[in-house]
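Student: sharing a model that was predicted from the sequence below.
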Amino acid sequence: MNMREISRRTMLAAGTCALVATALAPKPASARAETGVSAKSEETIRKYYRAWEKKDWGSLDALLAHDFTFSSAAGDDHIPTSTFKAQCWDTQSPYIERFDLLRVFAEGSEALVMYICHIRDGKTFRNVEYLRLKDDKVEAIECYFGATAGYPTAVDAK
């Protein structure tokens, strides 16, 4: 094996060239372009959670698409607005004080929202919800509950 000595100056020059080549190389095309949440979609999402805080069914209902569905691990499988109101809103909204939206990730008309929900007596729970938006309305929500025994609800925490 023939070893050749290389000076530090040569190594630094080679390293600099490699860095420049890497920076100038074209980026590979992505199969799906990631986009941020549009201002209108983010406004719709924030209004949805504010309606829960204000206990304002009229405002929340106005944000729901006519074919809205809700799904969760609590046995809710694409339930319509009327069932969502009876099973979720009517039983949970009296206990909710506020939401801290930790993350809102969106691509096109889809969003993932991670939040901490603050309920009466200072208790909290964390959920992630997948929202599908259509024409500035919430078309569907899938709720994924945080890591507690069973599924956490404001009612269970009384």
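Tutor: Received it, and whenever you're ready, just let me know what you need.
Student: confirm residue 44 sits in a strand?
Tutor: No: assessed with DSSP: H, G, I helix; E, B strand; the rest coil, residue 44 is helix; it does not lie in a strand.
Student: mind checking pLDDT for it?
Tutor: On pLDDT, residue 44 comes in at 94.
Student: next, count neighbours for the nearest residue to it once chain neighbours are set aside.
Tutor: Nearest residue to residue 44, sequence neighbours excluded (Cβ to Cβ, 6 or more residues apart in numbering): residue 136, at 5.5 Å. (Glycine included, C-beta is placed from N, CA and C.) For residue 136, the neighbour count with other Cβ atoms under 10 Å is 14.
Student: surely residue 136 is in contact with residue 38?
Tutor: No: under the criterion of Cβ atoms under 8 Å, residue 136 makes no contact with residue 38, lying 9.5 Å away.
Student: where along the chain do the strands fall?
Tutor: 64-72, 96-107, 110-119, 124-134, 137-145 (DSSP state E).
Student: now do the first one: everything it contacts.
Tutor: Going back to what we said before, that points to strand 64-72. 76-81, 83-84, 88, 134-135, 137-145, 151 (Cβ atoms under 8 Å, 6 or more residues apart in numbering).
Student: and that strand, which residues are buried?
Tutor: 64-65, 68-72 (16 or more other Cβ atoms under 10 Å).
Student: I'd like these laid out as JSON lines, including pLDDT and distance to residue 56.
Tutor: Compiled in JSON lines, those are given as follows (pLDDT from 0 to 100; distance: Cβ to Cβ, whole Å):
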{"residue": "64", "pLDDT": "98", "distance to residue 56": "13"}
{"residue": "65", "pLDDT": "97", "distance to residue 56": "18"}
{"residue": "68", "pLDDT": "98", "distance to residue 56": "17"}
{"residue": "69", "pLDDT": "98", "distance to residue 56": "21"}
{"residue": "70", "pLDDT": "98", "distance to residue 56": "18"}
{"residue": "71", "pLDDT": "97", "distance to residue 56": "23"}
{"residue": "72", "pLDDT": "94", "distance to residue 56": "22"}
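Student: emit the ChimeraX select command for whichever of the contacts of strand 64-72 are buried.
Tutor: Typed into ChimeraX, the next command selects the buried ones out of the contacts of strand 64-72 (criterion: 16+ other Cβ under 10 Å):
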select :76,79,81,84,88,137,138,139,140,141,142,143,145,151
